[in-house]
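Participant: Here's a sequence, model it:
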Amino acid sequence: MIFFSDNYLGKAAVFIYCVLIAGYSSLLLPKRFPVRLTVLLFFWGYTVDTIYDYTIGGHVLDFYDTFVSPRYTLMDLLTYFAFGPMPYIFIYLYEDWQIRGRKTIFFIAGWSVLSIFIEKWATSLGVFTYKNGYQLYYSFPIYLYTQSLTIRFYHWAVEAQKNRSVR
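Facilitator: Numbers count the residues shown, from 1 in each chain. Below you'll find the model as predicted:
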């Protein structure tokens, strides 16, 4: 892993810095979850992003590069951490807006559309460079799946915590 990038002040890097600041600022929102669950959601985001980067974006399928380079740099690591807070924000709004039942489908679809716009913006700034025929719209079902899985993971974690408390 090479930790030096060509441009730490370019548009792509500034985008990642802004996402980092905005994402981690979510911790300033009124507390809604226990600390353990908050940490778990952040790790979930970091882990899912890393898994996708190593499968879709890297070694296995190689459909994109981050920061126009196939080498891993400090900016790649910051990108992983930038997307760590996203599940926390997603679940925070899910709970704050009391999304349940059929509303969940619209919530996931809406969040997936928003994710596509953010990915398009990031791609236009050079955060991602598609290759091997990958298209932006291929990401939509990935977002649908990931956000559905995130809600399932959240409910599992809450249930596990309740079961642990009962003992």
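
Participant: what's the closest non-adjacent residue to Pro85?
Facilitator: Gly23 (3.4 Å; C-beta to C-beta, 6 or more residues apart in numbering). (Glycine included, C-beta is placed from N, CA and C.)

Participant: What is the burial count for that neighbour?
Facilitator: The number of residues packed near Gly23 is 19, by other C-beta atoms under 10 Å.

Participant: Helix, strand or coil: sort out it for me.
Facilitator: helix (DSSP: H, G, I helix; E, B strand; the rest coil).

Participant: tell me the phi and psi of the residue nearest the centre of the chain?
Facilitator: Centroid-nearest residue in the chain, with C-alpha atoms, centre = their mean: Phe83, separated by 3.9 Å. When read as degrees, to the nearest 10, the backbone of Phe83 gives phi -90, psi 0.

Participant: you'd agree it is up against Asp49?
Facilitator: Yes: contact criterion C-beta atoms under 8 Å: Phe83 and Asp49 qualify, at 4.4 Å.

Participant: can you map out the strands along this structure?
Facilitator: For the chain, the strands defined by DSSP state E cover 64-66, 128-130.

Participant: deepest of those, which one?
Facilitator: strand 64-66 (a mean of 21; mean count of other C-beta atoms under 10 Å).

Participant: For that strand, name the packing helices and strands.
Facilitator: helix 74-82, strand 128-130 (3 or more C-beta pairs under 8 Å, 6 or more residues apart in numbering; DSSP states H and E).

Participant: pLDDT of it, averaged?
Facilitator: For strand 64-66, mean pLDDT rounds to 86.

Participant: Same question for stretch 136-148.
Facilitator: Here the average pLDDT along stretch 136-148 is 97.

Participant: Now that we have the helices and strands packed on strand 64-66, can you turn them into CSV and tack on mean pLDDT and distance to Gln161?
Facilitator: Shown next, in CSV, are the helices and strands packed on strand 64-66 (pLDDT from 0 to 100; distance: least, C-beta to C-beta, whole Å):
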stretch, mean pLDDT, distance to Gln161
helix 74-82, 88, 25
strand 128-130, 92, 35
